[in-house]
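Student: show me how the following folds:
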Amino acid sequence: MTIVIAIDGPSGSGKSTVARGVAAALALPVLDTGAMYRAVTLAALEAQVPLDDAEACAAIAERVVVTLEEGVTLLDGRDVRAEIRGPVVTGAVSIVAAHPPVRAILVARQRAWVARHGGGVVEGRDIGTVVFPDATVKVYLVAADEVRARRRQRDELAAARDVAVDEVKAALDRRDAIDSGRTVSPLRAAEDAIVIDTTHLDVDTVVADVVARARAAEASR
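Tutor: Numbering: from 1, shown residues only. This is a model prediction of the structure:
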């Protein structure tokens, strides 16, 4: 049977790190759906289309080829993994991702990716609620706002971008408000998701918890 581990949650909750750890432990591929939305946002910015124009952004999403394999994101064959993590794309991605036609296109591609790979660990914001409502295990990660902001600040510093933690927190608050308030696929935990607060937990502990749940779920099938 196809194993799908859905990992959702807001920025800074630990989704990417946990997803990679779980994928390694279970020998599964990992799909960062946020990278898909970021790549489409980058393409929209480069094409200079109005980001609030849903149809224009959807046309971009339909046209571009986004490839995600082993941590590398390609946009029409170009490695954009660094560009899509920059402040310009980060500040715009929630606007583009809120458009229903853009989401419809990318959700179909996410499902196709998992079907092609025979399963996987999929991280995002609507995986357990919309993309894979029948996932083997659904996890929703949360963390205290201050902790999330400091984690994101560390990411920025690692990328040689000097930013104050207050600025990071304000940006996270804005993005959370947009993602939680959108009409289609809002950021929220699925009713049957396991909610894990990562504020005071190390990565290995969270990964071990999710892996144990995945193995138990698979054994009970």
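
Student: which residues of this protein fall in strands?
Tutor: Secondary structure of the chain (DSSP state E): strands located at 3-8, 30-32, 66-69, 72-75, 78-79, 119-124, 137-142, 194-197.

Student: only C-alpha atoms, please: export the first one in CSV.
Tutor: When you say that, I think you mean strand 3-8. Provided in CSV are the C-alpha atoms of strand 3-8 (Å, rounded to 0.1, in the frame of the first residue of the first chain):
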residue,chain,number,x,y,z
ILE,A,3,2.4,5.3,2.6
VAL,A,4,1.7,9.0,2.8
ILE,A,5,2.9,10.9,5.9
ALA,A,6,1.2,14.4,5.9
ILE,A,7,3.1,17.0,7.9
ASP,A,8,1.4,20.4,8.2
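
Student: give me the contact list for that strand.
Tutor: Strand 3-8 has contacts (Cβ atoms under 8 Å, 6 or more residues apart in numbering) with 15, 18-19, 22-23, 26, 28, 114, 119-129, 131-132, 134-141, 187, 189-190, 193, 210, 214, 218. All C-beta spots, glycine's among them, are computed from the backbone N, C-alpha and C.

Student: same check on the shortest one?
Tutor: Taking Cβ under 8 Å, 6+ apart as the criterion, the residues outside strand 78-79 that touch it are 72-73.

Student: likewise for the fourth one?
Tutor: Defining contact as Cβ under 8 Å, 6+ apart, one finds that strand 72-75 is touched by 32, 35-36, 38-39, 42-43, 64-68, 79-81, 84.
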